[in-house]
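Undergrad: Here's a sequence, model it:
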Amino acid sequence: MSPEEITALFTRSDDSYAFARWGRPMAPVVFGVDDATLAIMKGALEAVAGLTGQGMAETDPELGVNVMVFVFREWDELRAIPDLDRLIPDLAPLLDRLEAAGANQYRIFRFDEAGAIRASFAFIRMDAEMAQVPAHTVALNQAVQTALLWSDTAFTDRSPLARAPEGSVILRPEIGALIRAAYDPVLPAAAADPSHALRLAARIGREA
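TA: As a prediction, this is how the structure comes out:
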């Protein structure tokens, strides 16, 4: 990937560059799915976590779980979850905005003192469009977008996934290489300067 392509993936709609990676292993929990879908979701998270070099954990020593994935049919269902408004400030107005926009997914990240990701919340509304997408595709897409703090416009024009020749859905190789490069221990856990993208590009080039 070129430095310009990488820069675009971490440049937000307000033109600010914002990068962050996890500073700890992911310890996920998934709500609202059956056992088969749970296995698919956790398998996708584990596969992407393997690219980071940190892997996954059963529990986070500070938070217990640090990745929460909620799957539901209507945004209004989240209002009934006990204490969710304590985890996510201003939950009610956020749900009002998501309902008004007809959104079918949303992610929130929390960060530690160094700017690294310490927790994430992913919300997936199974509307008619999302219900047509295979569970493996939904799971892998969510796992990729949980692995790093991407731009809010990163994958609006092109998915991080691709279809393999035999028909299965896989992570695009260049996105996998970018995730691996992003977790190079030499690089900072968070960055706000676009020159950071040059360092990522250099590491991907060395891998190639």
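Undergrad: Could I get the full set of helices for the protein?
TA: With DSSP state H, the ranges of helices along the chain come out as 3-9, 35-52, 84-87, 91-101, 128-131, 135-147, 173-182, 195-207.
Undergrad: tally of neighbours for residue 194?
TA: 16 (other C-beta atoms under 10 Å). (Each C-beta comes from the backbone N, C-alpha and C, glycine too.)
Undergrad: Distance check, residue 189 against residue 116.
TA: Relative to residue 116, residue 189 is positioned 4 Å away (criterion: C-beta to C-beta, to the nearest Å).
Undergrad: Show me whatever sits in contact with both of these two.
TA: Counting by C-beta atoms under 8 Å, 6 or more residues apart in numbering, the shared contacts of residue 189 and residue 116 are 20-21, 23.
Undergrad: out of those residues, which are inside strands?
TA: residue 20 (DSSP state E).
Undergrad: So among the shared contacts of residue 189 and residue 116, where is pLDDT lowest?
TA: Among the shared contacts of residue 189 and residue 116, residue 23 carries the weakest pLDDT, at 95.
Undergrad: Surely that residue and residue 119 touch.
TA: No. Counting by C-beta atoms under 8 Å, residue 23 does not reach residue 119; the two are 10.6 Å apart.
Undergrad: which residue packs closest to residue 187, ignoring adjacent ones?
TA: In this structure, residue 187 finds its nearest non-sequential neighbour in residue 199, 6.1 Å apart by C-beta to C-beta, 6 or more residues apart in numbering.
Undergrad: what about the one you found, how many residues close to it?
TA: Residue 199 sits with 19 neighbouring residues when counted by other C-beta under 10 Å.
Undergrad: What is the longest strand of this protein by residue count?
TA: Per DSSP E, the chain has its longest strand at strand 117-125.
Undergrad: can you dump the C-alpha coordinates of it into PDB?
TA: Extracted as PDB, the C-alpha positions of strand 117-125 are listed here (Å, rounded to 0.1, in the frame of the first residue of the first chain):
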ATOM      1  CA  ILE A 117      -7.200   1.200  22.800                       C
ATOM      2  CA  ARG A 118      -8.300  -0.300  26.100                       C
ATOM      3  CA  ALA A 119     -11.900  -1.200  25.300                       C
ATOM      4  CA  SER A 120     -14.400  -1.200  22.400                       C
ATOM      5  CA  PHE A 121     -18.100  -1.500  22.000                       C
ATOM      6  CA  ALA A 122     -19.600  -2.700  18.700                       C
ATOM      7  CA  PHE A 123     -23.300  -2.500  17.900                       C
ATOM      8  CA  ILE A 124     -24.800  -4.500  15.000                       C
ATOM      9  CA  ARG A 125     -28.400  -4.000  14.100                       C
END
